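[1] one predicted model, sequence on top.
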Amino acid sequence: MGYFDGFKVTFRTMFEKRVTVEYPDVKRPKPERFHGRHVLNRYEDGMEKCIGCELCAGVCPARCIYVRGADNPPDAPVSPGERFGFVYEINFLRCIHCDLCVEACPTEAITESKLFEFSFTDRKDAIYTKDELVVGDDGKPQKLPWEDWREGDDIHTSAWVRATAPSGNARYEGRVQWSGELGYGVRPPEPAQAGDAQAVLPPPADGTVE
């Protein structure tokens, strides 16, 4: 290819739509079901959802989660029920963001945001403690100094899990499957969902009671 042929290619592509962005000043929009940094959620009354059952740590293939439960103090319970997550740590140097912990959690205590851009100057900072993972009183994730949060990184956490939670049960077809999130409410249905959250489900064919 000669000089003029090269100029022709350059001139032709000057008017085409760009496929790159000026990262990190500009970032691409993230998919709604993107897996990022974890958060530990609260109920509307401020109580923590984690009950210290350690199921998340048990299913983690990277063994990056460490949980230790403790009995709730009767006079000032931290979470509903008998126990709460006394110690909760995630090592993000090992986490592969598979979301199995989110799927295993019986109380939807742990979910993943869309934040994945965080860097550390000390390896200890990569091990997030419970104090850093628990959302604030407004339900929003804590934004730590070494994290690059952008608009929208904190919404629609772990959407894919909640969308598929009924495991394909046909009785839930057309139902809004989202759970309410402190600080965000109940998200609108996806295009494939009817959006009737108050729909009355027909009784199961086998007569079982859920």
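    Structure received.

[2] for the biggest strand by length in the chain, packing partners?
    If you go by DSSP state E, the chain has its longest strand at strand 83-91. On a contact count with 3 or more Cβ pairs under 8 Å, 6 or more residues apart in numbering; DSSP states H and E, strand 83-91 meets strand 38-40, strand 65-71, strand 127-128, helix 130-133. Quick note: C-beta positions are derived from backbone N, CA and C, even for glycine.

[3] out of those, which one sits most buried?
    strand 38-40 (a mean of 24; mean count of other Cβ atoms under 10 Å).

[4] beyond it, next helix or strand please.
    The helix or strand immediately downstream of strand 38-40 is helix 55-59, counting by DSSP states H and E.

[5] can you pull the pLDDT of Tyr184?
    Listed pLDDT for Tyr184 reads 81.

[6] Glu181 now?
    For Glu181, pLDDT reads 78.

[7] what's the spacing between the spatially closest residue to it that is not a sequence neighbour and Pro31?
    The shortest distance from Glu181 to any non-neighbouring residue, by Cβ to Cβ, 6 or more residues apart in numbering, is to Gly139 (6.3 Å). Gly139 sits 22 Å away from Pro31, going by Cβ to Cβ, to the nearest Å.

[8] neighbour count winner among those two?
    Ranked by neighbour count (other Cβ atoms under 10 Å), Gly139 and Pro31 place Gly139 first, with 19 against 11.

[9] which strand or helix spans that one?
    Using DSSP H and E, Gly139 sits in no helix or strand.

[10] what sits against it?
    41-42, 181-184 (Cβ atoms under 8 Å, 6 or more residues apart in numbering).

[11] could you give the bridge partners of the residue nearest the centre of the chain?
    Among the residues of the chain, the one closest to the centroid is Glu112, at 2.0 Å (Cα atoms, centre = their mean). Beta-bridge pairing of Glu112 under DSSP bridges involves His38.

[12] just checking, it touches Cys98?
    No. Look at Glu112 against Cys98 with Cβ atoms under 8 Å: they stay out of range, at 9.8 Å.

[13] identify the contacts common to those two.
    Contact with both Glu112 and Cys98 is made by residues His35, according to Cβ under 8 Å, 6+ apart.

[14] longest helix anywhere in this structure?
    Longest helix in the chain, counting residues (DSSP state H): helix 3-13.

[15] and it, what's buried?
    Buried residues in helix 3-13, counted by 16 or more other Cβ atoms under 10 Å: none are found.

[16] no further queries at this time; thank you.
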